[in-house]
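Trainee: The sequence and its predicted three-dimensional model are supplied below.
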Amino acid sequence: MPNIIITGASRGLGKAIAEKFAANNYHLYLTSRNEMALYKAMGDLQSKFPFITIKARAFDLTKSEEAKGFGNWILGQHASIDIVVNNAGSFLPGNVHDEKEGTLEAMISVNLYSAYHVTRALLPAMMKQPLSNGSRGHVFNMCSVASLKAYLSGGSYSISKFALAGFSKNLREEMMPHFIKVTAVYPGAAYTDSWAGSGIDEKRIMEARDIADMVFASSQLSPQATVEDIIIRPQLGDI
C-alpha cells in the first residue's frame with residue numbers, strides 16, 4: 001500500500017484528506033501541534049479504517065527544528081514517501097497598517113516555513129526513491145484563494161499564502177527532472193470547525209471533502225500529467 005504524509009492533520013481539511021486517502025488504502029503518517037487532538041483524530045481514523053497503518057506524532061512546525069524533526073521521524077519509518085500534504089496553517093485577521101506586532105512573523109512561520117522545512121527534510125530521500133509507476137512522489141501545498149487576491153483583514157495571512165504559492169511554483173520547476181509532482185491547492189471557504197459559531201450557513205460554502213476529493217483525484221493521474229494548480233471556490237463565490 002502507498003503512504004501519505006499530512007501536516008495539520010487533526011481537523012479540518014487535513015483530517016478530510018486523511019479520510020479520503022485512508023478509504024483508498026493509503027497508510028497515514030500524521031502530525032499537528034495539538035497532541036490531544038491529533039491522537040483523537042488518529043483514533044477516529046483507525047476505528048473507521050482498521051486495515052491500514054496509521055502513525056502520528058505531534059510537532060510544532062512553526063519551529064524549524066521541530067519541522068526538521070518531523071521530517072527525520074518520517075525518514076525513520078523507512079517507508080516510501082508517496083504523497084506529502086503540507087496543510088499546517090493558521091489565520092490571524094488584521095490589516096498591514098494596524099495589525100498586532102509580530103503577526104507577519106507568526107503567519108510566515110506556520111504558513112510558509114513549516115512547508116519549507118518539512119519538504120526540504122524529505123526531498124533528498126524522495127529524489128533517491130526508485131520510480132513507482134513513473135513517479136518519485138507528489139507534494140501538495142495547501143495555499144488559499146488569499147494567495148491569489150488581497151482581502152480586507154487578510155493582511156499578513158494573505159502575504160504568507162502568496163509566499164507559499166511562490167514556494168510551490170519554484171518547487172515545481174526544480175522537481176520536474178526528478179519526476180516528483182508538485183501541486184498548489186487554492187481553496188476558498190470550506191466548512192470546518194473554524195467556521196462553527198460564525199453564523200455562516202454551511203450550505204453557503206464548500207465541504208471539506210470537496211477539497212479532499214480534488215487532491216485525491218489529482219494524485220491519481222498518469223505519470224505524464226501533473227495538475228499544477230487547483231482553484232476551488234464556493235459556487236456563489238468567495239465570502
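Mentor: Structure received. Please read these numbers as outputs of a predicted model, since none were measured by experiment. Numbers count the residues shown, from 1 in each chain.
Trainee: Distance from the chain centre to the longest helix anywhere in the chain, please.
Mentor: Assignment by DSSP state H gives helix 155-175 as the longest helix of the chain. In terms of Cα atoms, centre = their mean, to the nearest Å, the centre of helix 155-175 is set 13 Å apart from its chain centre.
Trainee: same deal with stretch 62-77?
Mentor: Using Cα atoms, centre = their mean, the offset of stretch 62-77 from its chain centre is 15 Å.
Trainee: wait, what's in contact with the residue sitting nearest the centre point of the chain?
Mentor: Nearest to the mean C-alpha position of the chain, by Cα atoms, centre = their mean, lies N87 at 2.1 Å. For N87, the contact set (Cβ atoms under 8 Å, 6 or more residues apart in numbering) comprises 6-9, 13-14, 17, 140, 142. Where you see a C-beta, it was placed from the backbone N, CA and C, and this is true even at glycine.
Trainee: Swap in 10 Å and give it another go.
Mentor: Counting by Cβ atoms under 10 Å, 6 or more residues apart in numbering, N87 touches 6-9, 12-18, 31-32, 114-115, 140-142, 185, 211, 215.
Trainee: And Q220, by the same measure?
Mentor: Applying Cβ under 10 Å, 6+ apart to Q220 gives the contacts 24, 138.
Trainee: quick one: stretch 89-108 to chain centroid distance?
Mentor: From the chain centre to the centre of stretch 89-108 is a distance of 20 Å (Cα atoms, centre = their mean).
Trainee: Could you pull up the mean pLDDT of that stretch?
Mentor: The pLDDT scores in stretch 89-108 average 96.
Trainee: for the chain, which spans come out with low pLDDT?
Mentor: 194-198 (pLDDT under 70).
Trainee: how about the strands in it?
Mentor: In the chain, the strands defined using DSSP state E lie at 3-7, 27-31, 54-56, 83-86, 138-142, 181-187, 190-191, 206-207, 229-232.
Trainee: strands paired with the second one, and their directions?
Mentor: Strand partners for strand 27-31, identified by DSSP bridges, are recorded as strand 3-7 (parallel), strand 54-56 (parallel).
Trainee: Can you say which of these is nearest to G69?
Mentor: Ranking the strands paired with strand 27-31 by proximity to G69 (Cβ to Cβ) places strand 3-7 first, at 12.5 Å.
Trainee: and that closest one with strand 138-142, angle?
Mentor: 20 degrees (axes from the mean of the first three to the mean of the last three Cα atoms, to 10 degrees).
Trainee: want to throw the strands of the chain into a markdown table with distance to D44?
Mentor: Output for the strands of the chain, formatted as a markdown table (distance: least, Cβ to Cβ, whole Å):
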| stretch | distance to D44 |
| --- | --- |
| strand 3-7 | 14 |
| strand 27-31 | 11 |
| strand 54-56 | 10 |
| strand 83-86 | 18 |
| strand 138-142 | 21 |
| strand 181-187 | 22 |
| strand 190-191 | 18 |
| strand 206-207 | 17 |
| strand 229-232 | 25 |
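Trainee: Kindly reformat the ones you listed as CSV containing mean neighbour count.
Mentor: Below are these laid out as CSV (neighbours: other Cβ atoms under 10 Å):
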stretch, mean neighbour count
strand 3-7, 25
strand 27-31, 25
strand 54-56, 19
strand 83-86, 26
strand 138-142, 26
strand 181-187, 23
strand 190-191, 22
strand 206-207, 16
strand 229-232, 16
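Trainee: Any idea which of the strands paired with strand 27-31 gets closest to A125?
Mentor: A125 sits nearest to strand 3-7 of all those, at 11.5 Å, using Cβ to Cβ.
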